[in-house]
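[1] Using only what follows, build the 3D model:
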Amino acid sequence: MSDCRHGYPSPLSCIDCMEDGTLPPAPKPKRDGWPFTAEHPGPCTGPPCAGIEPGDRIVRMSDGGYRHVGECERRRT
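    Here you go, the predicted structure:
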């Protein structure tokens, strides 16, 4: 059984589903490595966090961003 009502394997492979806007939500980013201590300031992609400061414990995420270990990494964006 397919998720696409037009018979394709998934809505992501169906031009009609893409036009209808019935695509599934983007997957939640996951850890893409081990936690480490930040050496430089920068943005935290786990909104509404104010940002990363040197000394914070952070982890790289599968979406290419960095988030604080804990609550920020569990937030959906």
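[2] contacting residues for E39?
    P54 (CB atoms under 8 Å, 6 or more residues apart in numbering). Where C-beta positions appear, they are placed from N, C-alpha and C, glycine not excepted.
[3] Name the SS class of it, please.
    Assigned by DSSP: H, G, I helix; E, B strand; the rest coil, the conformation of E39 is coil.
[4] ok, now how distant is it from D16?
    48 Å (CB to CB, to the nearest Å).
[5] C44 now?
    In terms of CB to CB, C44 sits 38 Å off from D16.
[6] Repeat that for A26.
    For A26 relative to D16 (CB to CB), the value is 20 Å.
[7] Also S62?
    S62 is 28 Å from D16, by CB to CB.
[8] returning to that earlier point: same drill for C44 and D16, tell me which one is more crowded.
    C44 (21 against 12; other CB atoms under 10 Å).
[9] and that one, that's in a strand?
    No. With three-state DSSP as the criterion, C44 is coil rather than part of a strand.
[10] Quick check, it in contact with R57.
    No. Assessed by CB atoms under 8 Å, C44 is found out of contact with R57, at 11.4 Å.
[11] what do those two both touch?
    Going by CB under 8 Å, 6+ apart, residues that sit against C44 and also against R57 are H68.
[12] what's the single longest helix in the protein?
    Ranked by number of residues, the top helix in the chain under DSSP state H is helix 15-20.
[13] Which residues does that helix contact?
    C4, R5, H6, Y8, P11, L12, L23.
[14] For the third one, give me its contacts.
    The one in question is H6. With the criterion set at CB under 8 Å, 6+ apart, H6 makes contact with C14, D16, C17.
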